[in-house]
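Student: Return a 3D structure for these sequence lines:
(one chain, ligands or ions: 1)
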Amino acid sequence: MKPWEKNIRKVVPYVPGEQPKGDRLIKLNTNENPYPPAPGVEKALREMDADLFRKYPDPASSLLVDVLAEQYGVGKDQVFVGVGSDDVIGMAFLTFFNGEEPILFPDVSYSFYPVWAELFHIPFETPAVDEDFKIRKEDYYRKNGGIIFPNPNAPTGLELGLMEVEDILRHNQDVVVIVDEAYVDFGGHSALALLPRYENLLVVQTFSKSRSMAGMRIGYGIGSPRLIQALQDVRYSYNSYTMNRPSQILGAEAVKDKVYFRQTLDKIIKTREETKDWMGKMGFSFPDSKANFLFATHERVPAKTIFQALKKEQIYVRYFDTPRLEDYLRITIGTDAEMEALRRFLEAFL
Ligand SMILES: *Cc1c(COP(=O)(O)O)cnc(C)c1O
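Tutor: Okay, the predicted model is just below:
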């Protein structure tokens, strides 16, 4: 080891899902939306002038903040936007989880949480979800430095009811509670409804799944003005120009088209329910997903075997080689044609 190497920060990075290249492949591994962004996004993109890039973007992202505030019926001082919800959540860890007590998040949840906690030297504990993968709210009724959980949860798709989310909040009014709602648009119930009663609640959502814009990197947090101000202060102390101008403009366009948004969601939800139906008949079981993926295990064939066979066929799903998840595959809901190709292969293979 060179002397300078001992000063390097050691981290075990988050491992994102594969982004394989090719036309023939079917990509059901990173929960992207199979449908294109709203038509207004494409139109605004074509009308965009490269001169736009000459100047710095609006550091406050006002264009986007304004449409989000209107969409969700909150004040402009209650919206924080970031470069994907990963950016928003990372900033939130840095801002709100600054105490001595360990923060809490479920053992089965977004695998980025422990990575941020390690990076920022935040102590953490991970209460185990029950044998049906359900979050046990009582595990969060104890001293802690803050709480975060996805709802619906990832990678299970299970939703914790709004009453239970409120129970967790009621027991934790002295710390910040973050609800990561990356998948809420696919049939979940948003904790945004609880905002008027809990000043310590931050709800985080993203354009990456329900709005088909993973490549644009847009996420946002909604909370009380005091939480948002604290997040802004930390962000401006790190990098003021996080969000580029195209993201601000195209993101605002995506939010404006409420009809297209609803239609796309309805199609994915319909395909999801049909997929549950045929997969169930094929010997798979899964938690009742309210997200755009299923977390499925087969009664007979190991998940890893199915994963590898699918990959050979150029059908990509997500497999987690970790203790509680190794019997499961996380399968993103694609188009009807993609799910049909999956069905045909599995039928023959199993
Ligand atoms: C996809 C995802 C995110 C991050 O999404 P971004 O693309 O960074 O907006 C955050 N949390 C969960 C649970 C996710 O599944």
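
Student: State the pLDDT value of the residue most central in space within the chain.
Tutor: Centroid-nearest residue in the chain, with CA atoms, centre = their mean: Ala182, separated by 3.3 Å. Listed pLDDT for Ala182 reads 98.

Student: mind checking how far stretch 221-236 is from the chain centre?
Tutor: How far stretch 221-236 lies from its chain's middle: 19 Å, per CA atoms, centre = their mean, to the nearest Å.

Student: Need phi/psi at the residue nearest to the centre of the chain.
Tutor: phi -60, psi -30 (degrees, to the nearest 10).

Student: what does Ala44 give?
Tutor: The phi/psi pair for Ala44 (degrees, to the nearest 10) is phi -60, psi -30.

Student: Give me the nearest residue to it, chain neighbours excluded.
Tutor: Glu253 (4.7 Å; CB to CB, 6 or more residues apart in numbering). (Glycine included, C-beta is placed from N, CA and C.)

Student: same deal with Tyr198?
Tutor: Per CB to CB, 6+ apart, closest to Tyr198 is Leu169, 5.0 Å.

Student: pretty sure that neighbour contacts Leu201?
Tutor: Yes: under the criterion of CB atoms under 8 Å, Leu169 makes contact with Leu201 at 6.1 Å.

Student: Does the residue nearest to Tyr198 lie in a helix or a strand, and which?
Tutor: Counting by DSSP states H and E, the element that carries Leu169 is helix 162-170.

Student: For that helix, enumerate the helices and strands it packs against.
Tutor: strand 177-180 (3 or more CB pairs under 8 Å, 6 or more residues apart in numbering; DSSP states H and E).

Student: Where do the strands of the stretch 51-200 of the chain begin and end?
Tutor: For the stretch 51-200 of the chain, the strands defined by DSSP state E, counting those that start in this stretch occupy 79-82, 103-104, 124-125, 147-150, 177-180.

Student: Those strands: which one's closest to the ligand?
Tutor: strand 147-150 (3.9 Å; CB to the nearest ligand atom).

Student: what's next to that closest one, contact-wise?
Tutor: 89, 92-93, 103-106, 109-110, 113, 135, 140, 160, 168, 172, 175-183 (CB atoms under 8 Å, 6 or more residues apart in numbering).

Student: switch to 6 Å and redo it
Tutor: Applying CB atoms under 6 Å, 6 or more residues apart in numbering, the contact partners of strand 147-150 are 104-106, 109-110, 140, 172, 177-178, 180.

Student: Among these, which one sits closest to His189?
Tutor: Asp180 (14.3 Å; CB to CB).

Student: The residue nearest to the closest one when sequence neighbours are not counted: neighbour count?
Tutor: Nearest residue to Asp180 in three dimensions, chain neighbours excluded: Pro150, at 4.2 Å (CB to CB, 6+ apart). Per other CB atoms under 10 Å, the neighbour tally for Pro150 reads 30.

Student: show me what contacts Phe133?
Tutor: Here Phe133 is in contact with 156, 158, 287 (CB under 6 Å, 6+ apart).
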